[in-house]
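> The amino acid sequence is not available; the structure is as follows:
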């Protein structure tokens, strides 16, 4: 073996080791990120099962409001069904939807609550969501403000850049 062959072979060995090391590190980073995502974001079936239990817990409260959504004339929701379950004592609720359509990225579903005993007559913002998880799913909601005596729940469709939201559903106890 001459000096050129020895230098060539020595030059290749560290390069292959370096490539292998980079590959091992990349796979390790990917696996770590996958594990983190898997442990911090349980699948939607688990979340929906937990929300079903929460809905059943709310339904057992003595002050429960359990009312169906009343559709507006908006054609977007003509085939949608669902209900609202709320407890003043717990200050939380669960919305149920069957057939709610997916919306564009620049839109949000927003829930507003009207309170008879509130500070003023304006609706109180409760929650917003953008993802329709499946044909039938549950969404939890609450409010930063105290809700004393809700008399109407209203789901609106807000589109970025538009001042007026589209009313989709009403629920009145």
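It's in. All values reported here derive from a predicted model rather than from experimental measurement.
> From here on, just use CA atoms for contacts and neighbour counts.
Fine.
> In space, what's closest to residue 55 - neighbours in sequence excluded?
residue 94 (5.9 Å; C-alpha to C-alpha, 6 or more residues apart in numbering).
> what about residue 122, neighbour count?
Number of residues near residue 122 (other C-alpha atoms under 10 Å) recorded here: 11.
> Over to residue 166?
15.
> and what of residue 73?
For residue 73, using other C-alpha under 10 Å, the count is 11.
> residues touching it, list them.
By C-alpha atoms under 8 Å, 6 or more residues apart in numbering, the contact set of residue 73 is residue 168.
> and with 7 Å instead?
Not one residue lies near residue 73 by C-alpha atoms under 7 Å, 6 or more residues apart in numbering.
> Going forward, the N-terminal residue is numbered 183.
With the count now opening at 183, the last piece we talked about shows up as residue 255.
> one step back: what comes up buried for the helix or strand hosting the residue nearest to residue 237?
For residue 276, the host element (DSSP states H and E) is strand 274-280. Buried residues in strand 274-280, defined by neighbour count with 16 or more other C-alpha atoms under 10 Å: 274-279.
> Okay, now the sheet partners of it, with direction.
strand 263-269 (antiparallel), strand 318-323 (antiparallel) (DSSP bridges).
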